[in-house]
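Participant: Take a look and give me a structure for this.
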Amino acid sequence: PGPDKLALITSTGQGGIRAGMAACGGVIAADQVLMWLAVAGMAALLASHPAAFTALQWLGAAYLAWLGCRMLLAKPGSQPVLKMQPHHYFRQGALITLLNPKAIVFYMAFFPLFVDPATHQGLRTFALMAATVAVLTFLYCLVVVLLTRFLADRLRANPRVVQALEKTAGTFLIGFGIKLAISK
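Facilitator: All right, here's what the predicted structure looks like:
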């Protein structure tokens, strides 16, 4: 699980099933963008221009660290870092996924493994793979959202636990940002 799954859990914990599914939609939409960019050769372009890849990597790292710092510095009872309206959760899920430059490289390496050159049908093959990834991501997110919602209802009974979990999530986001910034 990466930062996108942490955003999914945080969204569900703060905004319920609707917010969690909105974040899921953002993750799926961003995954689709990254997959089709990989098909279009964006991964190869980023690989051939290391400065662009590094800039994207640092932008993603800064965004994750910014979210994490906001979560760590939030006062008890203050407005949540991730807004409570579903369109904000969608945007957060999408941005966290889109600003992860390793994801596009993953899709560039992942797609060719499942394409048989003898039976390859061009974009139709990639579209089927993209649809499969979307369905699997949706099912995974649905399980995570429902499980998170079930646990969140029980945890809300103890505000100190909620605050500790939010600080832990903030720490993890900062950690993901640092990891992204220093990785090659």
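
Participant: tell me the mean pLDDT over the strand or helix carrying Tyr89?
Facilitator: According to DSSP states H and E, Tyr89 maps onto helix 86-98. For helix 86-98, the per-residue pLDDT values average out at 84.

Participant: What are the buried residues along it?
Facilitator: 86, 88-98 (16 or more other Cβ atoms under 10 Å). For the C-beta atoms, the positions are set from N, CA and C on the backbone; glycine is no exception.

Participant: Equivalent analysis for stretch 56-68, please.
Facilitator: Buried, per 16+ other Cβ under 10 Å, within stretch 56-68: 56-57, 60-61, 63-65, 67-68.

Participant: For my notes, please list the residues you listed in CSV and give pLDDT, secondary structure and distance to Pro50 for each entry.
Facilitator: Formatted as CSV, the buried residues of stretch 56-68 follow (pLDDT from 0 to 100; DSSP: H, G, I helix; E, B strand; the rest coil; distance: Cβ to Cβ, whole Å):
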residue, pLDDT, secondary structure, distance to Pro50
Leu56, 74, helix, 11
Gln57, 75, helix, 10
Gly60, 76, helix, 15
Ala61, 79, helix, 16
Tyr63, 79, helix, 20
Leu64, 76, helix, 21
Ala65, 83, helix, 22
Leu67, 78, helix, 26
Gly68, 81, helix, 26
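
Participant: rewinding a little: how about TSV for the buried residues of helix 86-98, with distance to Leu72 added?
Facilitator: Listed next are the buried residues of helix 86-98 as TSV, based on distance: Cβ to Cβ, whole Å:
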residue	distance to Leu72
Pro86	25
His88	20
Tyr89	20
Phe90	24
Arg91	21
Gln92	17
Gly93	21
Ala94	23
Leu95	19
Ile96	17
Thr97	22
Leu98	24
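
Participant: which two in the residues you listed are spaced the farthest apart?
Facilitator: Pro86 and Leu98 (18.3 Å; Cβ to Cβ).

Participant: got the residue ranges for the strands in this protein?
Facilitator: Using DSSP state E, the chain contains no strands.

Participant: List just the nearest of the buried residues of stretch 56-68 to Lys179.
Facilitator: Ala61 (8.1 Å).

Participant: hang on, the closest one packs against Leu173?
Facilitator: No: applying Cβ atoms under 8 Å as the test, Ala61 and Leu173 come out as separate, 10.5 Å apart.
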